[in-house]
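Student: next one to model:
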Amino acid sequence: MERGQKVWWVRLSLITGAGFLLRLAFVLTVTRYDPPLGDQLYYSAQALTNAQGRWFQQPFARGFPAADHPPLTSLILTPASWLAESAGSFITAQRLTMVVIGTASILLLGLIGRRIAGSTAGLVVAGVTAVYANVWVNDVLIMAETPTFFLVATVTYVALGYRSSPTLRTSIALGCLAGLAALTRPELLLLAVLLCALAIALWRQQRMQNIEVAKYLGSIMIAGLLVVAPWVLWNQSRFTDSVYLSTNDGLTFAGANCDRTYYDDIGSWDIWCAYETQVPEGADASQASSLMRRDGLQYLKDHLGRYPVVAIARIARVLSLGYIGSNNNAAAAEGRPPWVSMLGVIQFWMLGLGAMFGYRRVQQRIDRLILIVMLPVILLVAMVANAYVRFRLPAEVGLIVLASLGFIHLVGLRRRREVSFASE
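Tutor: Sure thing, here's the model as predicted:
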């Protein structure tokens, strides 16, 4: 390894270490004694239930199967829960597990930045990731956002390499990564479709033979399906109604479509709306989800004239362009201090401004698409389901990279030999 390479890795390691210390300090001084709130409660309790040998049974309703959320986050937390349960500190151990994954994301974003625009860009991207509040606040909680961010970053890094050198092995890897991402958040199954679109774009650009692109498309889709298939098939065997990735869709639709979210706190999400659904005693989670989904979709159908207003409000919410106080209150109910949420809003505005300049610095059109492809996905999720700011995180992988390139351009940190932002 050349001396310049060694120096770069040392600098990246220092930035990553600083990001780790920030996250560790926050866990030990702020969230250490906080109880799990919101979705944290499920992920934490489900991991502990797994560690006790009752794999994916309801933590609070013994004997019933559980798939409130896809399984990967709870699986990741299970080893730490098993090791720390006897010491009575398993919640802290779970949070520290997330800190480790979040720290790995800093390193990975640095590699993405270097692959896109050179060594200086890699260090700036890593630095922005280390201090960006909307990222690190999730890394100190017990939520799906941290592994989601890591997996989307991994897909981005691999896809950028795939663009210059598509192979069957990389196609399979991308499909597997898309499947793993879907096992953290269901909507990320769309990644497989988007990756297929990437393969088609490469086919047109590189004039590949039809049989070759068909092989790549098939390998992406098959690999992704094989990853999620065991969970889906197991769910079909243990619930009354059909369950695929989770039983949370009914709760989501019912909480998104009611008087409070359409007319009071417009565009919000309210769990108490879902609890208004009458669920028969003894019904399992799949039956409850079906009933809630029915009620939510019926409300949407009955209030279609109001829906455009709600959809616009949700877009404003997820992009931090409005309803900021309401968003911050929702974040506080999940364990995020209001001052951190407000810092995240300000930083997001700065990133958005930087990304406008950074987008133009990426010369490869396919690279631009890879970096922004998650934005329409999160907007779609916001419009039809939930506009919590944390659901924006998959799109912020590309946003951080583009904003960092914009910052470099604006302040002139880039060296002359890195003037071209063509990929290496």
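Student: what sits against A382?
Tutor: 314-315, 317-318, 391 (CB atoms under 8 Å, 6 or more residues apart in numbering). Any C-beta I mention is one placed from the backbone N, CA and C, and that applies to glycine too.
Student: for it, identify the helix or strand it belongs to.
Tutor: If you go by DSSP states H and E, A382 is part of helix 374-384.
Student: and that helix, how far out from the chain middle?
Tutor: Computed by CA atoms, centre = their mean, to the nearest Å, the chain-centroid distance of helix 374-384 equals 12 Å.
Student: next: stretch 315-323.
Tutor: 18 Å.
Student: beyond the helix or strand where A126 lies, next helix or strand please.
Tutor: Assigned by DSSP H and E, A126 falls within helix 119-131. Per DSSP H and E, helix 119-131 leads on to helix 133-136 as the next helix or strand towards the C-terminus.
Student: mind listing what H303 touches?
Tutor: 257, 262.
Student: now with 7 Å, please.
Tutor: Y262 (CB atoms under 7 Å, 6 or more residues apart in numbering).
Student: any idea how far V381 is from it?
Tutor: Counting by CB to CB, to the nearest Å, the separation of H303 from V381 is 20 Å.
Student: which one of the contacts of A382 is nearest to L160?
Tutor: Taking CB to CB as the measure, F391 is the one of these closest to L160, at 23.9 Å.
Student: the closest one touches L380, doesn't it?
Tutor: No: F391 is beyond contact range of L380, at 10.7 Å (criterion: CB atoms under 7 Å).
Student: more neighbours: those two, which one.
Tutor: Neighbour totals were compared for F391 and L380, and F391 leads with 20 against 12 (other CB atoms under 10 Å).
Student: centroid residue for this protein?
Tutor: Centroid-nearest residue in the chain, with CA atoms, centre = their mean: T148, separated by 3.6 Å.
Student: apart from its neighbours in sequence, what residue is nearest it?
Tutor: T184 (4.6 Å; CB to CB, 6 or more residues apart in numbering).
Student: count the residues that sit near the one you found.
Tutor: Counted with other CB under 10 Å, T184 comes out at 25.
Student: pLDDT-wise, which helix or strand of this structure ranks last?
Tutor: helix 190-206 (a mean of 74; mean pLDDT, DSSP states H and E).
Student: that one: what's the following helix or strand?
Tutor: helix 210-238.
Student: how about that next one: buried residues?
Tutor: Neighbour-count burial for helix 210-238 flags 213, 216-217, 219-221, 223-225, 227-228, 231, 234-235 (criterion: 16 or more other CB atoms under 10 Å).
Student: name the nearest of the residues you listed relative to W136.
Tutor: Nearest to W136 among the buried residues of helix 210-238, with distances taken as CB to CB, is V227, at 28.3 Å.
Student: that closest one and T184 touch, don't they?
Tutor: No: taking contacts as CB under 7 Å, V227 lies outside contact range of T184: 11.7 Å.
Student: on that earlier part again, where's the residue nearest to the centre of the chain, which helix or strand?
Tutor: Using DSSP H and E, T148 sits in helix 145-164.
Student: what packs against that helix?
Tutor: helix 72-84, helix 90-117, helix 168-182, helix 190-206, helix 365-372, helix 393-411 (3 or more CB pairs under 7 Å, 6 or more residues apart in numbering; DSSP states H and E).
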